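1. just coords:
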């Protein structure tokens, strides 16, 4: 990792500088767990050294469940019998209502392909267990530091992923819900517990939302914005707008 300009290696390398195999590594250096430790240390350091009026911005980007979806050793036996979800779009029998691209490129999935989709699905689930633990540790550190009451927490992702829907075995580049929809949860001051909104939002809204959380007027940043703050829609889940969003895909 590049830590303020200094390169630091977590884990063990051989004489050529290559990382050893996961079986040879210390499980404490599992990447998600390492990120969590660093994040917790930063929260605690801020609580101990910063004044009460000094804000903290912390962004933690986990690789999981991104391929290759490596599993922490303690979770390797989880989800061994979990099936892949099979909504009506899974391995769709007829694609007459779909673009020519799909009809030409994606035949019915074979049993072998379904087996591989299931295998990869289970690996992603296992890798996310460590993310759950990491989130819990970070939130616990924030709470123990006495900062939870005035802290916003945003959980999001960058893209969805196909798992056999519309016969697409994997990938993320076509404009369907499975690819375009991502998790988005926000908690913090003024946001009602358990609220859900159906307002259409986009990743371009994250930066304006962070500015609003920090009380910064976007007009003072001299930087044009593509998005808008999501706070008004999180605080009032019935609030609606007519803003369109263009979703494009490519194959």
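-> Received it, and whenever you're ready, just let me know what you need. All figures in this text were calculated on a predicted structure; none of them were measured in a lab. Numbers count the residues shown, from 1 in each chain.
2. What lies in contact with stretch 60-73?
-> For stretch 60-73, contacts defined as CB atoms under 8 Å, 6 or more residues apart in numbering pick out 22, 27, 30-33, 35-36, 39, 120, 123-131, 134, 138. Yep, even glycine has a C-beta here, placed from its N, CA and C like the rest.
3. Also stretch 101-118?
-> With contacts defined as CB under 8 Å, 6+ apart, stretch 101-118 is touched by 83-84, 91, 93, 95-96, 163-164, 166-170, 174, 251.
4. Name the residues of that stretch that are buried.
-> 102, 106, 109, 113-114, 116-118 (16 or more other CB atoms under 10 Å).
5. What's the per-residue pLDDT of residue 10 here?
-> Looking at residue 10, its pLDDT stands at 83.
6. shouldn't it be in contact with residue 35?
-> No - taking CB atoms under 8 Å as the definition, residue 10 is not a contact partner of residue 35, at 9.7 Å.
7. And those two? Which one has more around it.
-> residue 35 (21 against 17; other CB atoms under 10 Å).
8. Could you check how far the closest residue to residue 56 other than its chain neighbours is from residue 66?
-> Nearest residue to residue 56, sequence neighbours excluded (CB to CB, 6 or more residues apart in numbering): residue 46, at 4.8 Å. To residue 66, residue 46 is 28 Å away according to CB to CB, to the nearest Å.
9. the more surrounded of the two?
-> Remark: of residue 46 and residue 66, residue 46 carries more neighbours, 17 against 14, as counted by other CB under 10 Å.
10. Tell me which residues touch that one, please.
-> 54, 56, 145.
11. Would you mind giving the secondary structure of the nearest residue to the last one once chain neighbours are set aside?
-> Sequence neighbours aside, residue 47 is the residue nearest to residue 145 in space, at 3.5 Å (criterion: CB to CB, 6+ apart). Following DSSP: H, G, I helix; E, B strand; the rest coil, residue 47 is assigned to helix.
12. Nearest spatial neighbour of the spatially most central residue of the chain, chain-adjacent residues omitted?
-> Centroid-nearest residue in the chain, with CA atoms, centre = their mean: residue 157, separated by 3.0 Å. In this structure, residue 157 finds its nearest non-sequential neighbour in residue 182, 4.2 Å apart by CB to CB, 6+ apart.
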